[in-house]
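>>> no FASTA, just this:
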């Protein structure tokens, strides 16, 4: 009886030990699986870390390149700004030359128109042929100076805007504008010349808006502009640059 008890107890203990061993082995397998997963995760993290380090290195290299490009761009910008300052200075000089030459051209035109008016008055006063010839010789001399001034103007860079002065047109419109006014509104220069169909003795009506200011007789026709003497009896107020000049019908 006692032997059977001890045998049963031994079997029970063996069964309990077997259960604990089974559970321990299963838990050990789980732990091995977790350990393997942890190793895989660590390996993946190491790969990601290596990739991150490579990306970080690439970013640093890109940043260095960007800094270098920015430095070169700043250098180019500085040079461009210096070139712009120099170009602005040259442009200012050329504009000054244009204004001076244009002023001289306008002055010559005014002088020529004044001489034409003087010749007309001299003829009316029956001046001597020698005086008329002297006036004409002076006119030809001024025309030569005007041609030289225009040639000098044309030799300047065409990309520069021309200053306010003789505004030349290329259409054949019957309406032009006054680009210069002589002393005491005795004559006007209009941007209506031979290339637009202008002829000596044509009558131009000077207007400002709907108001008629004067009538002018064309006495000197050039390629792109003409000089017109104001008929004194027709003058109705001071004339200004920009007034309309309409060919009378």
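Cool, got the structure. Predicted model only: the values in this text are computed from it and were never measured.

>>> I would like the residues contacting the strand ranked longest in the chain, please.
Longest strand of the chain, by residue count under DSSP state E: strand 211-221. With contact meaning CB atoms under 8 Å, 6 or more residues apart in numbering, strand 211-221 is reached by 112-113, 116-117, 120, 185, 187-188, 190, 193-194, 198-207, 226-231, 234-237, 239, 243, 245, 248. (Each C-beta comes from the backbone N, C-alpha and C, glycine too.)

>>> Those in strands, which ones?
187-188, 190, 203-207, 226-230, 245.

>>> Could you identify the most distant pair in those residues?
For the ones in strands among the contacts of strand 211-221, the maximum inter-member distance is 18.4 Å, found between 207 and 227 (CB to CB).

>>> neighbour count winner among the two?
residue 227 (24 against 16; other CB atoms under 10 Å).

>>> if I pick that one, what's in contact with it?
109, 112-113, 116, 187-189, 218-220.

>>> so which of those residues comes closest to residue 20?
Of these, the one sitting nearest to residue 20 (CB to CB) turns out to be residue 189, at 123.3 Å.

>>> From residue 227, how far off is the closest one?
6 Å (CB to CB, to the nearest Å).

>>> who touches both of those two?
Contacts common to residue 189 and residue 227, judged by CB under 8 Å, 6+ apart, are 109, 113.

>>> still on that earlier bit, buried only: go through the contacts of strand 211-221 for me.
For those, a burial check counting by 16 or more other CB atoms under 10 Å picks out 112-113, 116-117, 185, 187-188, 190, 193, 198, 202, 204-207, 226-230, 235, 239, 243, 245.

>>> Point out where this structure drops to low pLDDT.
Scanning the chain with the threshold set as pLDDT under 70 gives 94, 98-99, 101-105, 110-111, 114-175, 249.

>>> related to what we said a few turns ago, turn the ones in strands among the contacts of strand 211-221 into TSV, including distance to residue 37.
Formatted as TSV, the ones in strands among the contacts of strand 211-221 follow (distance: CB to CB, whole Å):
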residue	distance to residue 37
187	106
188	101
190	98
203	108
204	103
205	103
206	102
207	99
226	101
227	104
228	104
229	109
230	107
245	98
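
>>> Show me which of those is closest to residue 84.
residue 190 (38.4 Å).

>>> is it true that the closest one touches residue 228?
Yes: the criterion here is CB atoms under 8 Å, and residue 190 meets it with residue 228 at 6.2 Å.

>>> hey, what's in contact with both of those two?
Common neighbours of residue 190 and residue 228 (CB under 8 Å, 6+ apart) are 204, 216, 245.

>>> can you list those residues in a markdown table and add distance to residue 95?
Converted to a markdown table, the shared contacts of residue 190 and residue 228 look like this (distance: CB to CB, whole Å):
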| residue | distance to residue 95 |
| --- | --- |
| 204 | 31 |
| 216 | 31 |
| 245 | 27 |
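
>>> Closest one of the residues you listed to residue 97?
Nearest to residue 97, judged by CB to CB, of these is residue 245 at 28.7 Å.

>>> Mind giving me the packing neighbours of the longest helix along the chain?
The helix spanning the most residues in the chain, taking DSSP state H as the definition, is helix 2-124. Helix 2-124 sits against helix 129-155, strand 175-181, strand 187-190, strand 211-221, strand 226-230, with contacts defined as 3 or more CB pairs under 8 Å, 6 or more residues apart in numbering; DSSP states H and E.

>>> which one among the shared contacts of residue 190 and residue 228 gets closest to residue 10?
Of the shared contacts of residue 190 and residue 228, the one sitting nearest to residue 10 (CB to CB) turns out to be residue 245, at 137.8 Å.

>>> That closest one touches residue 228, doesn't it?
Yes: between residue 245 and residue 228 there is a contact at 7.5 Å, judged by CB under 8 Å.

>>> Give the intersection of the neighbour lists for these two.
188, 190, 204, 216.

>>> Among those, which one lies nearest to residue 46?
Of all the shared contacts of residue 245 and residue 228, residue 190 has the smallest distance to residue 46: 89.7 Å, by CB to CB.
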